[in-house]
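> The amino acid sequence is not available; the structure is as follows:
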């Protein structure tokens, strides 16, 4: 009788652990370094436009200032592009721009987002192990003193093999503000990398 | 009964261990093949990222810029032939693969250096503007833009005057024009520096916007 109880307990624990393992859903992301560069045309006063350049370092400084954090040496922006989930019934989440600051990775949902323009189409070309997607993407940047909304033509290239690698380029143009003054911006976001990560999403 | 069970468990355990041992032996076999010097160098390079490497000096820039493997893109070394022993195309593919690996690593290093602020990192980036590989040259130019220092302008101008490729010349000149612009951080800092004078104005003017009736009677009116 005692053995039967023990067996039942072991079976129950096994079933419970299997059940919880089955509920876990993982998402695979392609992690790439992200760079941004461009030019801003700021209406500094009536009839006067000041041209300014911005790069990843400027974006990092603005984000660090907005989030009150100190940047480590070689802090960088990374872009996590979802590739798929372990459960076909669960759809992939949105792509995420993050700040890698030393060992910390901070998702920048409030400051910097890249996403496909609502309702826009994507066309894909597959050649061997390389897939290239063409579409329209939005670039959204918001910090205390600089913000803009822009969009433009995007090319995403992914090569699968022993190691998946990818790179992307978004040529954007849009408008926003610099220190409260109206600005028009144009520039490029480029990403590249070959690191894959699996994150638990459920 | 129990004895038989124990024997069965021990036996199956031995079988599993044996199978694992065999599998491991098989997986070790390929790595015992001879390895080329360049592959070893590449492995060493990948084991020591730039962060852990000593800071580059003027003397080791040359080593950093164009390693010998670049000039061996389509070449067949005796070592690679020894490894594969297969038709002519295989060593070519191997060399091409090694070169692609090298280019990927170098581009990644340049991207990391671009996030630095020290002049030695900029020197390494600028030295790659004349690399034999066009992908590395392109990455070096992008890294120069991301480094965002006007100190790069003379070298960019020098490379632009020497290059024969019209597209690269345009890209280099565009980079020069870009770097000449004030950076966003500089513009914001300038605005901030100009701001401390502003709070004084409303303070001085504060007495005037008030209607005369609201003003306190001055000593002259008394």
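Received, thanks. Note that this is a predicted model, so its numbers are computed, not measured.
> need the helix or strand of the chain with the lowest average pLDDT.
No chain specified, so I'll use chain A. helix A:2-23 (a mean of 60; mean pLDDT, DSSP states H and E).
> not quite, I wanted chain B
That would be, for chain B by mean pLDDT, DSSP H and E, helix B:37-47 at a mean of 32.
> ranges for the helices of chain B?
Along chain B, counting by DSSP state H, helices occupy B:2-28, B:37-47, B:61-65, B:78-84, B:89-114, B:119-127, B:134-147, B:153-162, B:166-180, B:184-194, B:200-205.
> looking at these, which one has the lowest mean pLDDT?
Mean pLDDT is lowest for helix B:37-47 among these, at a mean of 32.
> Tell me the spacing between the residue nearest to residue B:107 when sequence neighbours are not counted and residue A:139.
Counting by CB to CB, 6 or more residues apart in numbering or on different chains, the nearest residue to residue B:107 once its immediate chain neighbours are dropped is residue B:139, at 4.2 Å. Heads up, the C-betas are built off the backbone N, CA and C, glycines and all. According to CB to CB, to the nearest Å, residue B:139 stands 22 Å off from residue A:139.
> again, but for residue B:95
Residue B:95 is 40 Å from residue A:139, by CB to CB.
> higher neighbour count, these two?
Neighbours around residue B:95 and residue A:139, counted as other CB atoms under 10 Å in any protein chain shown, are more numerous at residue A:139. The numbers are 26 against 20.
> who's the more buried one bridged to?
residue A:114, residue A:150 (DSSP bridges).
> Please name the bridge partners of the residue nearest to residue A:69 when sequence neighbours are not counted.
The shortest distance from residue A:69 to any residue other than its chain neighbours is 6.6 Å, reached at residue A:101 (CB to CB, 6+ apart). On the basis of DSSP bridges, residue A:101 takes part in beta bridges with residue A:104.
> Provide a list of residues in contact with residue A:101.
A:69, A:71, A:72, A:75 (CB atoms under 8 Å, 6 or more residues apart in numbering or on different chains).
> How many residues are close by residue 154?
This is for chain A. By the criterion of other CB under 10 Å, residue A:154 has 23 neighbours.
> ah, no, chain B please
Neighbours of residue B:154 using other CB under 10 Å come to 11.
> surely residue B:175 meets residue B:143?
No. The pair residue B:175 / residue B:143 is not scored as a contact, 10.6 Å apart, by CB atoms under 8 Å.
> returning to what we had before: would you mind checking the contacts of residue A:101 for buried ones?
With neighbours counted by 16 or more other CB atoms under 10 Å in any protein chain shown, those contain buried members at A:71, A:75.
> and which of the contacts of residue A:101 is nearest to chain B?
The closest of these to chain B turns out to be residue A:75 (CB to the nearest CB; 6.9 Å).
> And for the closest one, nearest residue in space, chain neighbours not counted?
Using CB to CB, 6+ apart, the nearest residue to residue A:75 is residue A:101, at 4.5 Å.
> now do residue A:57
Residue A:57's closest residue in space is residue B:148 (CB to CB, 6+ apart), at 5.6 Å.
> show me the contacts for the one you found.
Per CB under 8 Å, 6+ apart, neighbours of residue B:148: A:53, A:55, A:57, A:58, B:179, B:183.
> Ranking by neighbours, what's the top pick from those residues?
Neighbour counts for the contacts of residue B:148 peak at residue A:57, which has 25 neighbours (criterion: other CB under 10 Å).
> is it true that that residue lies in a strand?
No. Going by DSSP: H, G, I helix; E, B strand; the rest coil, the assignment for residue A:57 is helix, not a strand.
> so what pLDDT did it get?
On the pLDDT scale, residue A:57 gets 95.
> didn't it look like it was pressed against residue B:186?
No. Between residue A:57 and residue B:186 there is no contact under CB under 8 Å: 11.4 Å.
> just to revisit the earlier point, okay, residue B:175 and residue B:143: which has more neighbours?
Between residue B:175 and residue B:143, residue B:143 has the larger neighbour count (other CB under 10 Å), namely 28 against 22.
> Pretty sure the more buried one sits against residue B:111.
Yes. Assessed by CB under 8 Å, residue B:143 is found in contact with residue B:111 at 6.4 Å.
> joint contacts of the two?
Contacts common to residue B:143 and residue B:111, judged by CB under 8 Å, 6+ apart, are absent.
> can you pull out the strands in chain A?
A:26-45, A:48-55, A:76-85, A:96-101, A:104-107, A:112-116, A:123-127, A:130-142, A:146-159, A:165-178, A:181-200 (DSSP state E).
> Now do the same contact list for the residue nearest to residue B:107.
B:106, B:107, B:110, B:111, B:128.
> Quick check: residues of chain A near chain B?
Residues of chain A lying near chain B by CB under 8 Å from any CB of the partner chain: A:33, A:35, A:37, A:39-40, A:42, A:50-58, A:61-62, A:73-76, A:145-146, A:165, A:178-179, A:190, A:192, A:194.
> now these: which count as buried?
A:33, A:35, A:37, A:39-40, A:42, A:50, A:52-58, A:61-62, A:74-76, A:146, A:165, A:178-179, A:190, A:192, A:194.
> neighbours around the closest residue to residue A:124 other than its chain neighbours, how many?
Once flanking residues are discounted, residue A:124 sits nearest to residue A:133: 5.0 Å by CB to CB, 6+ apart. Neighbours of residue A:133 under the rule other CB under 10 Å: 16.
> these two touch, right, residue A:133 and residue A:120?
No. Look at residue A:133 against residue A:120 with CB under 8 Å: they stay out of range, at 11.7 Å.
> Return every residue with contacts to both of those two.
Contacts common to residue A:133 and residue A:120, judged by CB under 8 Å, 6+ apart, are absent.
> and chain B, which residues reach chain A?
Of all the residues in chain B, those lying near chain A are B:51, B:104, B:107-108, B:111-112, B:114-116, B:142, B:145-146, B:148, B:178-179, B:181-188, B:191, going by CB under 8 Å from any CB.
> Show me which pair in the contacts of residue B:139 is furthest apart.
Greatest spacing in the contacts of residue B:139, by CB to CB: B:111 and B:128 (11.7 Å).
> Find the residues that touch each one of these two.
B:139, B:143.
> For residue A:159, which residues are in contact?
Contact analysis of residue A:159 by CB under 8 Å, 6+ apart lists A:129, A:130, A:131, A:165, A:166.
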